[in-house]
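1. Need coordinates for the below:
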Amino acid sequence: MVPAEVWRGRRVVLGVSGGIAAYKAVELCRRLVDAGAHVVPVLTEDATRFIGALTFSALASEPAQTTLFNAGDNPIPHTRLGQSADVVVIAPATARTIAKYAAGISDDLLSATLLATRAPVVVCPAMHTEMWEHPSVQDNLATLTRRGVHVVAPESGRLAGGDHGDGRLAAPETIMATVADVLAHGGDLVGVRVLVTAGGTREAIDPVRFIGNRSSGKMGHAVARQAARRGAQVTLVTTTPAEMPAAVEIQSVTTAQEMHDAVLGRYPEVDVVVMAAAVADFRPKASAADKLKKADGPPEIVLEPTPDILAALGAAKQGQVLVGFAAETTDVVANAMDKLTRKGADLLVANDVSLPDAGFEVDTNRAVLLESSGAVMETPLLSKAALADLILDRVAARLGRPAT
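-> Next up, the predicted model:
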């Protein structure tokens with residue numbers, strides 16, 4: 001449940017561009033107003049070919065605006081809109097609107113408002129699958145993401161003309177959730193480069209069997225999603241599949257060595273690393289080339305240590321904020337404090353994985369957050385998304401970017 005205070009009195013400029021999904025923006029407008037936001041619709045000329053400005057005027061907090069000119073006693077409406085906005089939401093965002101925003105073209109009221117605002121911007125693309133997948137569209141979105149724009153990826157489903165595929169405007173509740181996150185945190189991680197690891201590594205015994213653990217990656221995936229929603233430029237190094245915002249760069253790995261190489265290779269380029277992955281401590285010294293046969297009897301497996309990624313990051317740290325995790329079953333705080341010190345982390349998130357509501361493969365967690373300053377915070381039972389935000393609050397504070 002999003003607190004009402006997140007919405008109350010917040011000025012939302014709702015940009016509507018010219019696509020068939022423009023009619024869905026009416027429902028989004030209504031929901032924003034019902035939540036308590038002050039909504040100002042801005043329609044492009046093409047948007048009015050799909051739906052009338054009067055419809056938005058009847059539902060919004062102010063009459064819909066469509067032009068840079070003839071704005072009554074306000075000769076510079078884009079400046080007023082941009083300066084007064086708490087957030088700008090473009091839904092739907094067509095390929096054309098995205099391209100103009102990325103290139104800095106301001107030839108209508110919506111594009112001029114986007115260049116005249118310092119408020120966070122949420123872009124919600126909607127277009128046919130072929131357009132969504134076109135390299136130019138993806139390049140433009142990548143450019144906007146690097147600038148701190150929040151992108152709500154489209155869904156897969158029925159499109160105009162009876163087609164099915166990716167490109168359908170995200171559901172209103174999905175857009176609302178992202179906007180709420182942006183308003184709640186004020187885009188406090190805009191421009192921050194965050195690398196997150198997730199999932200359990202697998203160390204091969206033979207082509208079929210491996211040494212692994214029960215980690216699902218849900219905690220790391222939650223951190224990646226929430227960091228992106230707060231404006232960060234996020235890279236996710238994961239061993240498990242993940243539904244991520246389009247803005248998140250995903251690198252898939254399997255073994256501890258692969259994760260080590262991926263993380264250490266990017267370490268000099270990032271500001272924050274959140275090591276939420278459950279990395280295997282040992283691996284077989286030799287992996288059989290062919291499947292081991294049961295008839296041959298139990299194999300003798302000699303183990304060797306895997307690279308200690310967190311310790312390597314702690315030793316190589318050059319101003320980055322380093323967050324580690326500790327999955328414990330006994331003496332949680334004592335073991336976690338020891339790990340925090342030995343590994344050179346700034347923050348360590350520890351939890352008792354023997355608990356049924358806080359271990360692996362569940363959507364909730366309860367944890368202890370320990371900081372290198374000596375501060376210790378025990379959390380109640382939370383969703384993993386809520387815990388991710390608590391972790392990122394601590395990261396933002398260390399970066400001198402407390403949430404607004």
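2. from here on, contacts and neighbour counts on C-alpha atoms
-> Noted.
3. got any ranges where this structure has weak pLDDT?
-> Along the chain, the parts satisfying pLDDT under 70 run over 1-3, 70-74, 245-247, 402-404.
4. roughly how far apart are residue 227 and residue 27?
-> 27 Å (Cα to Cα, to the nearest Å).
5. swap in residue 393?
-> 32 Å.
6. Which of these two has more residues huddled nearby?
-> Neighbour totals were compared for residue 393 and residue 27, and residue 393 leads with 18 against 14 (other Cα atoms under 10 Å).
7. Checking my notes, the more buried one in a helix, right?
-> Yes - according to DSSP: H, G, I helix; E, B strand; the rest coil, residue 393 belongs to a helix.
8. what about it, distance to residue 187?
-> From residue 393 over to residue 187 (counting by Cα to Cα), the distance is 12 Å.
9. now swap in residue 163 and tell me
-> 36 Å.
10. Compare these two (neighbour count), which wins?
-> Remark: of residue 163 and residue 187, residue 187 carries more neighbours, 26 against 11, as counted by other Cα under 10 Å.
11. doesn't residue 231 make contact with the more buried one?
-> Yes - with contacts counted by Cα atoms under 8 Å, residue 187 reaches residue 231, the gap being 5.2 Å.
12. does residue 211 have beta-bridge partners, and which?
-> residue 203 (DSSP bridges).
13. Help me confirm that it comes into contact with residue 255.
-> No - with contact defined as Cα under 8 Å, residue 211 does not count as touching residue 255 (9.9 Å).
14. any shared contact partners between the two?
-> Listed as contacting both residue 211 and residue 255 by Cα atoms under 8 Å, 6 or more residues apart in numbering are 202-203.
15. which of these two has more neighbours?
-> For residue 211 versus residue 255, neighbours defined as other Cα under 10 Å are more numerous around residue 255 (19 against 16).
16. show me the residues around the more buried one that make contact.
-> 201-203.
17. neighbour-wise, which of these leads?
-> residue 201 (27 neighbours).
18. Please report phi then psi for that one.
-> phi -70, psi 160 (degrees, to the nearest 10).
19. hang on, isn't it packed against residue 279?
-> Yes - assessed by Cα under 8 Å, residue 201 is found in contact with residue 279 at 5.3 Å.
20. Now do the shared contacts for the two.
-> Going by Cα under 8 Å, 6+ apart, residues that sit against residue 201 and also against residue 279 are residue 256.
21. what about the nearest residue to residue 260 once chain neighbours are set aside, neighbour count?
-> Excluding the flanking residues, the one nearest residue 260 by Cα to Cα, 6 or more residues apart in numbering is residue 309, at 5.7 Å. The tally of other residues near residue 309 (other Cα under 10 Å) stands at 19.
22. What is the neighbour count of the closest residue to residue 143 other than its chain neighbours?
-> Excluding the flanking residues, the one nearest residue 143 by Cα to Cα, 6+ apart is residue 102, at 6.5 Å. Number of residues near residue 102 (other Cα under 10 Å) recorded here: 18.
23. Which element, helix or strand, includes residue 102?
-> helix 95-103 (DSSP states H and E).
24. got it, and residue 78?
-> Going by DSSP H and E, residue 78 is in helix 77-84.
25. Now tell me what touches that helix from outside.
-> 11, 13, 68, 71, 109-110, 112-119.
26. Can you identify the element that follows it toward the C-terminus?
-> strand 87-93.
27. about what we covered before: include distance to residue 358 when you put the contacts of residue 255 into TSV, please.
-> Converted to TSV, the contacts of residue 255 look like this (distance: Cα to Cα, whole Å):
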residue	distance to residue 358
201	20
202	22
203	25
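28. which stretches of the chain form helices?
-> Using DSSP state H, the helices of the chain run over 24-35, 53-59, 77-84, 95-103, 109-115, 129-132, 135-146, 172-185, 218-229, 256-266, 309-316, 332-343, 384-398.
29. As a markdown table, these with distance to residue 378 would be great.
-> Converted to a markdown table, the helices of the chain look like this (distance: least, Cα to Cα, whole Å):
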| stretch | distance to residue 378 |
| --- | --- |
| helix 24-35 | 32 |
| helix 53-59 | 44 |
| helix 77-84 | 39 |
| helix 95-103 | 43 |
| helix 109-115 | 41 |
| helix 129-132 | 43 |
| helix 135-146 | 34 |
| helix 172-185 | 22 |
| helix 218-229 | 17 |
| helix 256-266 | 29 |
| helix 309-316 | 22 |
| helix 332-343 | 10 |
| helix 384-398 | 11 |
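30. Looking at those, spot the one closest to residue 158.
-> helix 129-132 (10.5 Å; Cα to Cα).
31. May I see the buried residues of that closest one?
-> By 16 or more other Cα atoms under 10 Å, the buried positions in helix 129-132 come out as 129, 131-132.
32. Check stretch 364-376 too.
-> Per 16+ other Cα under 10 Å, stretch 364-376 contains these buried residues: 364-371.
33. next one: stretch 18-26
-> Those would be 18-26, for stretch 18-26 by 16+ other Cα under 10 Å.
34. quick one: which of the residues you listed is nearest to residue 271?
-> Nearest to residue 271 among those: residue 25, at 36.1 Å, using Cα to Cα.
35. wait, what's in contact with that closest one?
-> 16, 91-92.
36. how close does the closest residue to residue 98 other than its chain neighbours sit to residue 207?
-> Spatial nearest neighbour of residue 98, excluding adjacent residues (Cα to Cα, 6+ apart): residue 140 at 6.8 Å. Residue 140 sits 41 Å away from residue 207, going by Cα to Cα.
37. and those two? which has more neighbours close in?
-> Per other Cα under 10 Å, whichever of residue 140 and residue 207 has more neighbours is residue 140, with 18 against 12.
38. who touches that one in this structure?
-> So residue 140 contacts 98-99, 102 (Cα under 8 Å, 6+ apart).
39. Much appreciated, bye for now.
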